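*Asks:* Sequence and predicted structure, then a few things I'm wondering about:
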Amino acid sequence: MRWLLLIPPLAAAVTLALLFGLESGDAASAVALNPNHECSFCHGLHGGNTNPLLRGASIEATCLSCHGPAGTAILADVHKNDPTGNSCCAPFRVTCMECHDPHSNQTNWRGNENLKLVRANITGANGTRPVVLETRSGDFSFCDLEGPTGETGYPQAVGEYDNVCDVCHANPDLARHHLNSDKQHHQSPNTCPSCHTHDNAFSP
Amino acid sequence: MQARFHKFVRFLPAAIVFVVLASCEELPDAASTHEPRGLTGLRPDLVSVAPGEMQSPVRIAQDKQGRLYVSDYQSQSVVMLDAGGGGVFVAAAFTVPGNPLGIEWAKGNLLLVGNATTRTVDVYRTTNGKWFYSLGGVGAIGDPSDIAADSDRDLAFVVDGEAFAVKVFDLRNGALLYTISGPGPGSYYLQNPTAIALDPSRGEVLVSDFGDPAVSGSPPSVKIYTYEGDHVKTLSGKSGMLGQKFSRPQGLAVDALGRILLVDAVAGEVLVLDRQTGNVLETYGTLGSGPGELWLPLDLVVDDNQMLYVTNNRPRRVEVFSLGG
């Protein structure tokens, strides 16, 4: 009768596989990519509180329980403008899953793995646009200003959007530093998050 | 459903919740800013926030007079709150040069603030918010996630997440005395420490530890050491094959009965643990964003009146519970 002990874990595996298979695609690659994202760390078959059986009150809370302040992983916060009312722009709030997909591991056009789990396509104020991931700092593909032939200061809005930020910020109406050609290469060759850090909600 | 209802009813009296909204006014004019703020409920709009309110409350501490101190990561400030008279009120705030994490009060009106940006633990005077000195100097602490102080013994214990250790300093001169744990395998070593509390009556240090999800046999836990660093015991967050008591242990405290109060950030609960067995005796708060509900809670403090204060990060509030209902 010891085989009965296998039923709970098997049921858990099947349920989670079904959930992720139907909802988000390839869960296996996320597990292979980042061991910290093993299923049970975010989902609980028994004790999961929200759909899809997340341990947290929301996706955001689940992510930020490790990635938020006082977390133990790479720190981040949702992308929002200054809540004290000092922003130039209308209030906005871009949360984790709008740019990231923990169950998808895209590779960039140079073949490197996307360790930041950035979506291949991001829907923002400009509609849905592809993210072209490139290398700049090792294998970390994020917010790159480097063009296909290696030159820096790659022109914006040339049909592809050459980093995560550009999906929205190639639009002059949304990017203060892209308002004119003189400022397209603001702070080049630095990447956007080197000043607009993720843990500070990408504020300058 | 019935069980959930009973649970709801059972803890409803305990969930007496007040909302604490911080204003980042200048020190020290507490009287002019000592106004009650709106109570309870998730702010209807998490984006548009009135000037000066808390943006990301993380750690909380309390002084002998009952005043609360909250580190606000996003606004890069320390917010001071007064509790009493049926509510919690903003008294004052001061800014710090970077993102504050750990916070602790110590005798002599000293406020110890861990700064994630400058990688220091800076000591300020609570009377005027002025910097006094830094523990260990610049670079002594890579990730000052939490701080606990024993004023009677002039000791400050700092969780350094980057070093996987607790660093112990002399409060009188800021000197580093010794280090507890450090990177290593086994139950003695801290894997991903987050928060700390002291039990002065036993001379023990309690540390929340996320464990290492990539390593089997390293579950989330509360690790207990003596002040000198000897490992006493580990209370595991796992329960049986699939059960989980807690998975993201953050702030913790020891109450007057010797029980361990522990925040589970992802479950939105404060657990009361039996110190001997680690069993969950009761819980406070439920997962959610409404009154009495916790959405990414990160720290707690219990005062002499058995009032429990919890930093509720996403709703940007401090929730107040009455222990024992």
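*Replies:* Now that the structure is in, tell me what you want to look at. Residues are numbered from 1 along each chain as shown, chains lettered A, B, ... in the order given.
*Asks:* Where does the prediction get shaky in the stretch 101-250 of chain B?
*Replies:* For the stretch 101-250 of chain B, the stretches flagged by pLDDT under 70 are B:216, B:240-242.
*Asks:* Would you mind listing what in it touches chain A?
*Replies:* B:101, B:116, B:145-146, B:161, B:192, B:194-195, B:210, B:213-214, B:241-244, B:247-248, B:250 (CB under 8 Å from any CB of the partner chain). Placement of C-beta: from N, CA and C, glycine included.
*Asks:* Produce a PyMOL select command limited to the buried residues of those.
*Replies:* Typed into PyMOL, the line below selects the buried ones among those, using 16 or more other CB atoms under 10 Å in any protein chain shown:
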select buried, chain B and resi 101+116+145+146+161+192+194+195+210+213+244+247+248+250
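*Asks:* In strands, which of the residues of the stretch 101-250 of chain B next to chain A appear?
*Replies:* B:101, B:145-146, B:194-195, B:243-244, B:250 (DSSP state E).
*Asks:* mind putting those in CSV, distance to B:Gln76 included?
*Replies:* As requested, these are exported to CSV (distance: CB to CB, whole Å):
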residue, distance to B:Gln76
B:Leu101, 11
B:Ser145, 16
B:Asp146, 18
B:Thr194, 20
B:Ala195, 20
B:Gly243, 40
B:Gln244, 34
B:Gln250, 20
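*Asks:* Would you point out the most distant pair within those?
*Replies:* Using CB to CB, these reach their maximum pairwise distance at B:Leu101 and B:Gly243, which is 30.7 Å.
*Asks:* ok, which stretches of the stretch 201-325 of chain B are helices?
*Replies:* Here the stretch 201-325 of chain B has no helices by DSSP state H, counting those that start in this stretch.
*Asks:* Run through the strands of it in chain order.
*Replies:* B:204-209, B:221-226, B:231-236, B:238-239, B:243-244, B:249-254, B:260-264, B:269-273, B:280-284, B:286-287, B:293-294, B:297-302, B:307-312, B:317-322 (DSSP state E, counting those that start in this stretch).
*Asks:* Just give me how far the last one sits from the chain centre.
*Replies:* Offset of strand B:317-322 from its chain centre (CA atoms, centre = their mean, to the nearest Å): 13 Å.
*Asks:* which other helices and strands contact it?
*Replies:* strand B:57-62, strand B:307-312 (3 or more CB pairs under 8 Å, 6 or more residues apart in numbering or on different chains; DSSP states H and E).
*Asks:* Which of the ones you listed sits closest to chain A?
*Replies:* Checking the helices and strands packed on strand B:317-322 against chain A by CB to the nearest CB gives strand B:57-62 as the closest, at 4.7 Å.
*Asks:* what's the angle between whichever helix or strand comes after that closest one and strand B:317-322?
*Replies:* Next helix or strand after strand B:57-62 toward the C-terminus (DSSP states H and E): strand B:68-72. Strand B:68-72 runs at 150 degrees relative to strand B:317-322, counting by axes from the mean of the first three to the mean of the last three CA atoms, to 10 degrees.
*Asks:* From the contact counts, what lies against strand B:68-72?
*Replies:* Packed next to strand B:68-72, using 3+ CB pairs under 8 Å, 6+ apart, are strand B:57-62, strand B:77-84, strand B:100-106, strand B:110-115.
*Asks:* Figure out how far it is from the centre of its chain.
*Replies:* Worked out by CA atoms, centre = their mean, strand B:68-72 lies 9 Å from the chain centre.
*Asks:* Kindly report the same for stretch B:112-125.
*Replies:* The chain centre lies 15 Å from the centre of stretch B:112-125; the measure is CA atoms, centre = their mean.
*Asks:* And stretch B:238-255, by the same measure?
*Replies:* Distance, centroid of stretch B:238-255 to centroid of chain: 15 Å (CA atoms, centre = their mean).
*Asks:* That one: end-to-end distance?
*Replies:* Terminal residues of stretch B:238-255 are spaced 23 Å apart (CA to CA, to the nearest Å).
*Asks:* same deal with stretch B:201-214?
*Replies:* End-to-end distance of stretch B:201-214: 36 Å, with CA to CA as the criterion.
*Asks:* export stretch B:299-313 as CSV, just CAs?
*Replies:* Output of stretch B:299-313 as CSV, limited to C-alpha atoms (Å, rounded to 0.1, in the frame of the first residue of the first chain):
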residue,chain,number,x,y,z
ASP,B,299,7.6,43.2,9.8
LEU,B,300,6.0,43.5,13.2
VAL,B,301,6.4,44.8,16.7
VAL,B,302,4.5,43.9,19.9
ASP,B,303,4.1,46.5,22.6
ASP,B,304,3.6,46.1,26.4
ASN,B,305,-0.2,46.4,25.9
GLN,B,306,-0.2,43.4,23.6
MET,B,307,-0.9,45.5,20.6
LEU,B,308,0.6,44.1,17.4
TYR,B,309,1.8,46.5,14.6
VAL,B,310,2.5,45.1,11.2
THR,B,311,4.0,46.9,8.2
ASN,B,312,1.7,46.1,5.3
ASN,B,313,3.8,46.9,2.2
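*Asks:* With that, I have no additional questions.
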